[in-house]
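Q: A structural model of the following input is requested.
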Amino acid sequence: MATPPPPSDLSISGAALASLLHLAATSASDSSGLLSGHLSLPSSSSAPLSDFDPSPSIPTPSPSSHLFITHLFSFNSPLSFFSSLGHVDAPFLRSHFPDSSSLVGWFSFRRNSALRPSMRELAVSVSLSKTLGTDTPCVFLLLSSSLSPNRAVHTHDYRAFLLRPGAKPVLEPMSLRVLNVGPGSSGGQYSAFSANLSTLPSMPCAIRGMDDVDSMVICEGGKENSKKEESLLAMKEKAREQKVLDSSTEGFEVERLERLAGAPANAYTHEIEELYRSMLSKLESLTHQVEKTSAMVFEQENQNLELRCKVAGME
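A: Here you go, the predicted model:
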């Protein structure tokens, strides 16, 4: 099997990059992990036939492949799947990843450091490339974070590298493209969705007319026999859910709301004002609760940040 050409384009999903940045913001110390994705190989299209001799001045473009990073696997310690000398623990990878065909590289996060690979990170990349196979490109993603003196600004930086194997292997910097949802930046990956057509399950419908539980008639569409064997516990559960739904309206039943729609609504302006007044009162109460909760969460985050800085030796 021929060795695929090295990837000319490196992309990462927005969710994977957001997870990496969240890991950098919440990690108590330096960490590392593995990256998974897939390699898009170029299509083998033959040259077009022509009656004229091809011009020697027009070079034939070389095929290129694209590498997409979709998932990450984080570990608690920096020396998780490799030793201090940069040797990858192959039995560890085989035990945790029996099918290693989806692994495309690894990442490392270290605070307050330059985005330059160290000698150990180069050794880990070379060892990981040999473990995965010669046909698998090895990507190395380096992340770093820093804080301003007053801790008001958090800076997160990242840089991607691609291992060029050989007698003297080297990690070459490579541009990283972020794929978010949308036709402009996804490269057509979000335009190939198709609906999953499946048979919908039969859903019971409750005919409401009275408050008594025994007056609820459970029926199935298209079936003559009703579910007489339905347990009393299920009926009580449905009645409880209906009571919760009724309590949220606070006096505005369906019959009362029907008068607020259509032509007769002009004669019920007082009803509409009362409805909006009740809604605004609920929103105001909810706003006060959110403000109190946000203040408590912000205070707790500051305490956690101070503890993480002390543990990481940033103070």
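Q: who are the contact partners of residue 28?
A: Shown in contact with residue 28 (CB atoms under 8 Å, 6 or more residues apart in numbering): 308, 311-312. The C-beta positions use only the backbone N, C-alpha and C, and glycine is treated the same way.
Q: helix/strand/coil for it?
A: coil (DSSP: H, G, I helix; E, B strand; the rest coil).
Q: how's this protein carved up into domains?
A: Structurally, the chain divides into domains by automatic domain parsing as follows: 7-41+63-179, 201-249, 253-315.
Q: how about CSV for those domains, with mean pLDDT added?
A: Shown next, in CSV, are the domains of the chain (pLDDT from 0 to 100):
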stretch, mean pLDDT
domain 7-41+63-179, 86
domain 201-249, 59
domain 253-315, 78
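Q: most tightly surrounded among these?
A: Burial of these is given as mean neighbour count (mean count of other CB atoms under 10 Å); domain 7-41+63-179 ranks first at a mean of 16.
Q: start to end distance for that one?
A: 17 Å (CA to CA, to the nearest Å).
Q: out of the contacts of residue 28, which one sits closest to residue 171?
A: The nearest member of the contacts of residue 28 to residue 171, counting by CB to CB, is residue 312 at 25.6 Å.
Q: quick check: the closest one touching residue 110?
A: No: look at residue 312 against residue 110 with CB atoms under 8 Å: they stay out of range, at 10.3 Å.
Q: which SSE is the spatially closest residue to residue 177 that is not a sequence neighbour in?
A: Closest residue to residue 177 apart from its sequence neighbours, by CB to CB, 6 or more residues apart in numbering: residue 11 at 4.5 Å. Using DSSP states H and E, residue 11 falls within strand 7-13.
Q: check which helices and strands that strand sits against.
A: strand 65-74, strand 154-164, strand 176-179 (3 or more CB pairs under 8 Å, 6 or more residues apart in numbering; DSSP states H and E).
Q: so which elements touch the shortest one?
A: Think strand 176-179. strand 7-13, helix 14-26, strand 154-164.
Q: a markdown table for those, including distance to residue 89?
A: Listed next are the helices and strands packed on strand 176-179 as a markdown table, based on distance: least, CB to CB, whole Å:
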| stretch | distance to residue 89 |
| --- | --- |
| strand 7-13 | 25 |
| helix 14-26 | 21 |
| strand 154-164 | 19 |
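Q: neighbouring strands of the strand holding residue 11 in the sheet, and parallel or not?
A: Strand partners for strand 7-13, identified by DSSP bridges, are recorded as strand 65-74 (parallel), strand 176-179 (parallel).
Q: got the contact list for residue 81?
A: 32, 34, 75, 88-89, 92-93, 106.
Q: what does the strand holding residue 11 contact?
A: Against strand 7-13 from outside (CB under 8 Å, 6+ apart): 37, 39, 64-70, 137, 139, 160, 162, 174-179, 187.
Q: can you do 7 Å?
A: Under the contact criterion CB atoms under 7 Å, 6 or more residues apart in numbering, strand 7-13 has outside partners 39, 64-70, 137, 139, 160, 162, 174-179.
Q: follow-up on the earlier one: quick one: closest of the helices and strands packed on strand 176-179 to residue 275.
A: That would be helix 14-26 among the helices and strands packed on strand 176-179, by CB to CB, at 39.9 Å.
Q: now the angle from that closest one to strand 7-13?
A: In terms of direction (axes from the mean of the first three to the mean of the last three CA atoms, to 10 degrees), helix 14-26 departs from strand 7-13 by 70 degrees.
Q: helix 14-26 - contacts with which helices or strands?
A: strand 65-74, strand 103-109, strand 139-147, strand 154-164, strand 176-179 (3 or more CB pairs under 7 Å, 6 or more residues apart in numbering; DSSP states H and E).
Q: now those strands as a markdown table including distance to residue 243?
A: Below are the helices and strands packed on helix 14-26 laid out as a markdown table (distance: least, CB to CB, whole Å):
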| stretch | distance to residue 243 |
| --- | --- |
| strand 65-74 | 44 |
| strand 103-109 | 51 |
| strand 139-147 | 50 |
| strand 154-164 | 47 |
| strand 176-179 | 47 |
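Q: hmm, back to that, for the helices and strands packed on strand 7-13, which one sits closest to residue 126?
A: strand 154-164 (6.8 Å).
Q: please identify which of the helices and strands packed on strand 7-13 is closest to residue 288.
A: strand 154-164 (29.2 Å).
Q: what angle separates the helix or strand that comes right after that closest one from strand 65-74?
A: Counting by DSSP H and E, the element after strand 154-164 in chain order, helix or strand, is strand 170-174. Put simply, strand 170-174 runs at 100 degrees to strand 65-74, going by the same axes, to 10 degrees.
Q: in its sheet, what does strand 170-174 sit against?
A: By DSSP bridges, strand 170-174 pairs with strand 154-164 (antiparallel).
Q: show me what the strand it pairs with is in contact with.
A: With CB under 7 Å, 6+ apart as the criterion, strand 154-164 contacts 6, 10, 21, 24-25, 115, 117, 125-126, 129, 137-147, 169-174, 176.
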